[in-house]
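Engineer: got a predicted structure plus its sequence, pasted below:
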Amino acid sequence: MKAKWILLGCVLAVACLGGSVLAAEVQTKNSATAHVFVNVDPTIAVGIPEPHVSLGSVGVGMVTGTITFRVDANTEKVKMQVEATNLCKGDQPKPINGLPLYEIPIDVPSGAYVDPNSAGPLGGLSKKLAWQSQNVDTAGWKWRTSEERTFDSSQNGHFSQEVDVTVQWDQKDNELPMGEYSGFVKLVAQIVMPG
């Protein structure tokens, strides 16, 4: 009798094992897939390798300054504009303690010349941007603003290059006191969205 129970136990064990193996073979896999995406935002950066640029010296006549900027954008088209100030003696844009203001004004007819290394203006327009408005900031600097112009890069899908900006000032005063006259030149660049 004991042998029957042992035999029955072995049969049940084999049946249970066989059933679990059979159940494992019958199970199926299941999955789900998500489609993911990200938008790359437009980016632009304007830098200047040398922030202090000597314009040399002048007696009377034109002062010409060419400043090299670096523009990096993830689009081929970039709209650019120049802003610049008059050159003021001693870096003082307004009279102090009743002293007169000595300055060398921007030569408005010359405009601002924008020359990227690997881009040209759209529509066959000139690289010369006409000076338009003038405003005075809180420190007293007289800023002249140029018109805007869109440039199209010859680089594939991006705009990453140096941009030379040339501005001229006109020193007409024979009695202008000697010394250092200084001011600012700014390049403003913005992304042009495709379409």
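Structural biologist: On my side now, so go ahead. Residues are numbered from 1 along each chain as shown.
Engineer: roughly how far does the nearest residue to Arg149 once chain neighbours are set aside sit from Val40?
Structural biologist: Of all residues not flanking Arg149 in the chain, Pro121 sits nearest, at 5.2 Å (CB to CB, 6 or more residues apart in numbering). In short, each C-beta sits where N, CA and C put it, glycine included. Counting by CB to CB, to the nearest Å, the gap from Pro121 to Val40 is 26 Å.
Engineer: these two: who's more crowded?
Structural biologist: Remark: of Pro121 and Val40, Pro121 carries more neighbours, 17 against 6, as counted by other CB atoms under 10 Å.
Engineer: my guess is that one meets Glu147, correct?
Structural biologist: No. Using CB atoms under 8 Å, Pro121 is not in contact with Glu147; the gap is 11.2 Å.
Engineer: the nearest residue to Pro42 once chain neighbours are set aside bridge partners, please.
Structural biologist: Spatial nearest neighbour of Pro42, excluding adjacent residues (CB to CB, 6+ apart): Ile191 at 4.2 Å. When bridges are called by DSSP bridges, Ile191 pairs up with Val78.
Engineer: contact partners for Ile191?
Structural biologist: Taking CB atoms under 8 Å, 6 or more residues apart in numbering, we find Ile191 in contact with 42-44, 73, 75, 77-79.
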